[in-house]
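1. what shape does this take:
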Amino acid sequence: MTLPSRPLRLGFIALSDCAPLAVAQEKGFFGLEGLNVELSREASWANIRDKVAMAALDGAHMLGPLPIAARLGLSGEPSAMIAPMSLNLNGSAITVSTALAEAMRNADPQAMDARPRTARALASVIAQRREAGAAMLTFAVVFPFSVHNYQLRYWMAEAGIDPDRDVRITVVPPARMTARIASGDIDGFCVGAPWNAQAVADGHGEIVIYAAEFWSVGPDKVFSVTEGWAAREPQALQSLLRALIQAAAWADEPGNRAELASILAHQRYVDAPIETVARSLVGSPPYSREEPGADSRDYIIYHRYAASFPWRSHAVWFLTQMLRWGQIGPDVDIAAAAEAAYRPDLYRAAAASLGEPAPIVDEKVEGLHTGPWTLDEASSPIAMAPDLFFDARRFDAAQPQRYAASFDIGRFRED
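-> Take a look at the predicted model:
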């Protein structure tokens, strides 16, 4: 088989987690694999989904739950999309307006001083506003089928807030979040880097919790193609995966993070001030203008801790959230849906050709490890990070319905 003679067209959204695509292009990893690639910055996740489905794009940077939702026909006509690689862990955060942050601090200063912050102070503000007859608070997420939607809902619900009844949740493209919070159209949002840092830098927002505090190494974006394209172009897909794996490894090297910030800040990619982009790469962005962020490279992770591997347990977790919030019903075969959408077999083939270690299992239990650990179920041992949830729950992909039904607030209950 040969590589396509035409350029491959790959889509992305202006976010720091498009880094593997940007780096593969700018540092020549696509070229080293004999690929001619055109990167196309898209306006929204709906555009990304539709263009991949219609073959206007050969593949794309995509929300982790979106290939699953597309296969199930939850976001338009069914489309057999697959995720053969993860692009990052962490990288997002929940931000509220400075006015709401002040109201939360006045309502429950102890909750606002804690780390990780729960939504307890927000629950107090919501109760006060309800009693006063004030309008419902509005929060934005990037898409209904996104880790951002599920993180925001989970975080709120743990404090007794029903996200379907106590607040309004709307959809806003990532790059528009800071403008919308500045205008007062929304009171908070959950989005990926660098837009939380931008809201803080502009003086319009305060970060209340990082994704890395919500779930120490939670999934976020994937690289996605259609199943049909993968079948027609197996060599091109393997070449793309090899280039992206190498680019992700480059992006995670501490010495490369400053250059990575420069690449991403360019108008071709994120088109944001380099200082803002760097705040999420060389450490963690400030929570507010008065409170610095944590000195950790784990705010966003591209390659370390098997970050590039498309864990089917991550796909199952997304499906449990879809079930919890009524996006799917109990009739959906969760294990089958995860197996169809997430393709670790394709990743393993590319990793093996590079001599890169890869897990030999498709799933792992999340929330078990309080400190660094080693994944021995791999082609060679892989250093892993703590994987705790902020509420200390554990997630076992073998029992998805039980997990989805275990929450006090949600739309699903086991019979």
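2. show me the shaky parts of the chain.
-> Low-confidence segments of the chain (pLDDT under 70): 1, 414-415.
3. so for it, the centremost residue is which one?
-> Centroid-nearest residue in the chain: Asp220, 2.1 Å away (criterion: Cα atoms, centre = their mean).
4. can you get me a residue count around Arg343?
-> When neighbours are defined as other Cβ atoms under 10 Å, Arg343 has 23 of them. Bear in mind the C-beta positions are built from the backbone N, C-alpha and C, glycine included.
5. can you pull the contacts of the nearest residue to it once chain neighbours are set aside?
-> Spatial nearest neighbour of Arg343, excluding adjacent residues (Cβ to Cβ, 6 or more residues apart in numbering): Pro84 at 4.5 Å. Taking Cβ atoms under 8 Å, 6 or more residues apart in numbering as the criterion, Pro84 is in contact with 223, 225, 230, 237, 241, 310, 343-344, 346-347, 350.
6. can you give me the end-to-end span of stretch 134-142?
-> With Cα to Cα, to the nearest Å applied, stretch 134-142 spans 26 Å between its terminal residues.
7. stretch 161-174 too?
-> In stretch 161-174, first residue to last residue: 24 Å (Cα to Cα).
8. flag every buried residue along it.
-> For stretch 161-174, burial by neighbour count (16 or more other Cβ atoms under 10 Å) applies to 161, 163, 166-167, 169, 172-174.
9. what's the closest of those to Leu39?
-> If you rank the buried residues of stretch 161-174 by distance to Leu39 using Cβ to Cβ, Pro174 comes first, at 16.7 Å.
10. tell me the first helix or strand C-terminal of the biggest helix by length in the chain.
-> The longest helix of the chain (DSSP state H) is helix 234-252. Following helix 234-252 in sequence order, the next helix or strand is helix 257-265 (DSSP states H and E).
11. residues touching that next one, excluding its own?
-> Counting by Cβ under 8 Å, 6+ apart, 16, 18-19, 22-23, 26, 194, 251, 269-274, 276-278, 281-282, 297 sit against helix 257-265.
12. just the buried ones out of those residues, please.
-> 16, 18-19, 22-23, 26, 194, 251, 269-270, 272, 274, 276-278, 281.
13. just to revisit the earlier point, part of a helix, is the residue nearest to Arg343?
-> No. Per DSSP: H, G, I helix; E, B strand; the rest coil, Pro84 lies outside any helix segment and is strand.
14. most distant residue from the middle of this protein?
-> The outermost residue of the chain, judged against the average C-alpha position, is Ala132 (36.1 Å), by Cα atoms, centre = their mean.
15. how much space between Ala385 and Thr374?
-> 11 Å (Cβ to Cβ, to the nearest Å).
16. about what we covered before: in strands, which of the contacts of Pro84 fall?
-> 223, 225 (DSSP state E).
17. what's the farthest-apart pair in the contacts of Pro84?
-> Spanning the widest gap among these are Val225 and Pro344, at 14.9 Å by Cβ to Cβ.
18. more neighbours, those two?
-> In this view Val225 and Pro344 are compared by other Cβ under 10 Å, and Val225 has more residues nearby, 29 against 24.
19. where do the helices sit along the stretch 51-200 of the chain?
-> Secondary structure of the stretch 51-200 of the chain (DSSP state H, counting those that start in this stretch): helices located at 66-71, 98-107, 109-113, 120-132, 147-158, 177-183, 195-201.
20. can you say which of the ones you listed is nearest to Val332?
-> Closest to Val332 of these, according to Cβ to Cβ: helix 66-71, at 9.9 Å.
21. buried stuff in the closest one?
-> 66-71.
22. swap in stretch 401-415?
-> Buried residues in stretch 401-415, defined by neighbour count with 16+ other Cβ under 10 Å: 403-407, 409-410, 412.
23. what do you get for stretch 328-347?
-> Under the neighbour-count criterion of 16+ other Cβ under 10 Å, stretch 328-347 has 328, 332, 334-335, 337-338, 340-344, 346-347 buried.
24. can you check stretch 295-311 too?
-> So, applying 16+ other Cβ under 10 Å, buried residues of stretch 295-311: 298-311.
25. all strands for this protein, in order.
-> Ranges of strands in the chain, per DSSP E, are 8-12, 37-41, 59-63, 81-86, 89-90, 92-97, 138-141, 168-171, 188-192, 205-210, 221-226, 300-301, 373-375, 382-384.
26. tell me how many other residues crowd Asp185.
-> Using other Cβ under 10 Å, Asp185 is surrounded by 13 other residues.
27. which ones are touching the residue nearest to it when sequence neighbours are not counted?
-> Leaving out its chain neighbours, the residue that sits closest to Asp185 by Cβ to Cβ, 6+ apart is Thr138, at 7.2 Å. Thr138 makes contacts with 167-170, 185-187, as judged by Cβ under 8 Å, 6+ apart.
28. ok, Val208 next?
-> Residues counted as contacts of Val208 (Cβ under 8 Å, 6+ apart) are 93-96, 101, 104, 117, 119, 122, 188, 287.
29. adding distance to Ala261, write these out as CSV.
-> What follows is the contacts of Val208, written out as CSV (distance: Cβ to Cβ, whole Å):
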residue, distance to Ala261
Ala93, 17
Ile94, 23
Thr95, 20
Val96, 26
Ala101, 26
Met104, 31
Arg117, 27
Ala119, 31
Leu122, 32
Gly188, 26
Tyr287, 20
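30. include distance to Asp391 and neighbour count when you put those into a markdown table, please.
-> Putting the contacts of Val208 into a markdown table (distance: Cβ to Cβ, whole Å; neighbours: other Cβ atoms under 10 Å) gives the following:
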| residue | distance to Asp391 | neighbour count |
| --- | --- | --- |
| Ala93 | 17 | 32 |
| Ile94 | 14 | 26 |
| Thr95 | 20 | 33 |
| Val96 | 19 | 25 |
| Ala101 | 22 | 23 |
| Met104 | 19 | 25 |
| Arg117 | 12 | 23 |
| Ala119 | 11 | 24 |
| Leu122 | 15 | 32 |
| Gly188 | 19 | 26 |
| Tyr287 | 20 | 23 |
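31. nearest to Leu319, of the residues you listed?
-> Leu319 lies nearest to Ile94 out of the contacts of Val208, by Cβ to Cβ, at 22.2 Å.
32. tell me what that closest one is bridged to.
-> Cys190, Ile209 (DSSP bridges).
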